[in-house]
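Asker: my questions concern the predicted model and sequence given below.
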Amino acid sequence: MADRYAVFGNPVAHSKSPQIHAAFADQTGQSLRYTTVEAPEDDFAGAWQRFVQDGGRGANVTVPFKGDAFALSDTLSHRAQRAGAVNTLIMGGNGRTYGDNTDGIGLARDLAHHEVTLKGKRVLMVGAGGAVRGVLAPLLAESPRELMIANRTAAKAVALAEAFADAGQVSGGGLEDIDGAFDVVINGSSASLSGDMPPLPDGLFAAGASAYDMMYGAEPTVFLRWAEARGARTIDGLGMLVEQAAESFFLWRSVRPDTTAVRASLRQALADG
Ligand code: ATR
């Protein structure tokens, strides 16, 4: 029987992960079955246990369970520890659960795919929630000249910057503290989900700047429309989704899929509705 994997979330019915992993399996000739599991909000651990008893080998974990997955992992990768969250679970042969986080490397790879470099650049991260915490270490590893975290609630950005001070040049503040022009502006807030635009200042983009939204949709997010109108090059988070999935697939199967064709077909499917 094919090895079993799943994405755990709630809600999870609209997840694109089954489609992505089926395409990776097809491409690499791996025999696996990948489904969705809608875990009860108050019993992620029970759902994972049942899945493992039924032969589950690994999982992706999405909203709202990345913290639960972190808590139940017997062993954590260094990057999961830094992220404070787990998006990839692996069932070890010894019956122990290994937790990793591929979100940050997914973002870093997608930026590289779009030839957006961070080295020596001024980078602004908008937001200071779980999604941002999950990607900070890989971004700082690219050695930006400065990474400012700006958040609606300033104190959260300040605390996050302090927690990552050993990883690079990072500062935190409120949206009103944003100062000067940036080469790369990343929206890691969940504002796009509700169609809101964080109140960002004009003059935010340096010449040739890129704007990246960690969210994506059939239409550009309100942040990307705002950025495009101000001359920035815009990129949404669809590629990040594919890249984090590819890294999870690699952890499970020791084969690295080629993401290019999968990106293209996903984009097409999104456009077709
Ligand atoms: P996630 O897991 O998506 O990061 P989260 O931990 O709840 O979710 O964090 C959401 C982030 O989006 C926070 O930084 C939040 O700002 P606050 O800390 O001030 O709540 C930010 N956010 C959500 N809606 C926003 C909006 N309309 N404008 C600006 N920031 C917003």
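Answerer: Received it, and whenever you're ready, just let me know what you need.
Asker: list the contacts of the spatially most central residue of the chain.
Answerer: Of all residues in the chain, the one closest to the mean position by Cα atoms, centre = their mean is residue 103, 3.6 Å from it. Residues in contact with residue 103 (Cβ atoms under 8 Å, 6 or more residues apart in numbering) are 83, 85, 87, 131, 134, 135, 240, 244. (C-beta placed from N, C-alpha, C; glycine too.)
Asker: where do the strands sit along this structure?
Answerer: For the chain, applying DSSP state E gives strands covering 3-9, 32-38, 56-61, 75-76, 88-91, 97-100, 122-126, 146-151, 170-174, 182-187, 205-213, 233-235.
Asker: what's the closest of the ones you listed to the ligand?
Answerer: Closest approach to the ligand among the strands of the chain is made by strand 146-151 (4.8 Å; Cβ to the nearest ligand atom).
Asker: need the residues of the stretch 151-273 of the chain near the ligand, please.
Answerer: 151, 152, 153, 156, 189, 190, 191, 196, 198 (Cβ under 6 Å from any ligand atom).
Asker: columns pLDDT and neighbour count on top of those residues, output as JSON lines?
Answerer: Compiled in JSON lines, these are given as follows (pLDDT from 0 to 100; neighbours: other Cβ atoms under 10 Å):
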{"residue": "151", "pLDDT": "98", "neighbour count": "26"}
{"residue": "152", "pLDDT": "98", "neighbour count": "16"}
{"residue": "153", "pLDDT": "98", "neighbour count": "13"}
{"residue": "156", "pLDDT": "98", "neighbour count": "18"}
{"residue": "189", "pLDDT": "97", "neighbour count": "24"}
{"residue": "190", "pLDDT": "94", "neighbour count": "16"}
{"residue": "191", "pLDDT": "94", "neighbour count": "20"}
{"residue": "196", "pLDDT": "93", "neighbour count": "13"}
{"residue": "198", "pLDDT": "96", "neighbour count": "18"}
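Asker: and these, which two are the farthest apart?
Answerer: Spatial extent of those (Cβ to Cβ) is set by the pair 156 and 196 at 17.2 Å.
Asker: for the ligand, what's its nearest residue on this protein.
Answerer: Residue nearest to the ligand within the chain (Cβ to the nearest ligand atom): residue 129, separated by 1.9 Å.
Asker: report the beta-bridge partner residues of the closest residue to residue 248 other than its chain neighbours.
Answerer: Using Cβ to Cβ, 6 or more residues apart in numbering and skipping residues adjacent in sequence, the residue nearest residue 248 is residue 88, 4.4 Å away. Beta bridges link residue 88 to residue 60, residue 100, judged by DSSP bridges.
Asker: tally of neighbours for residue 88?
Answerer: Neighbourhood size, residue 88 [other Cβ atoms under 10 Å]: 27.
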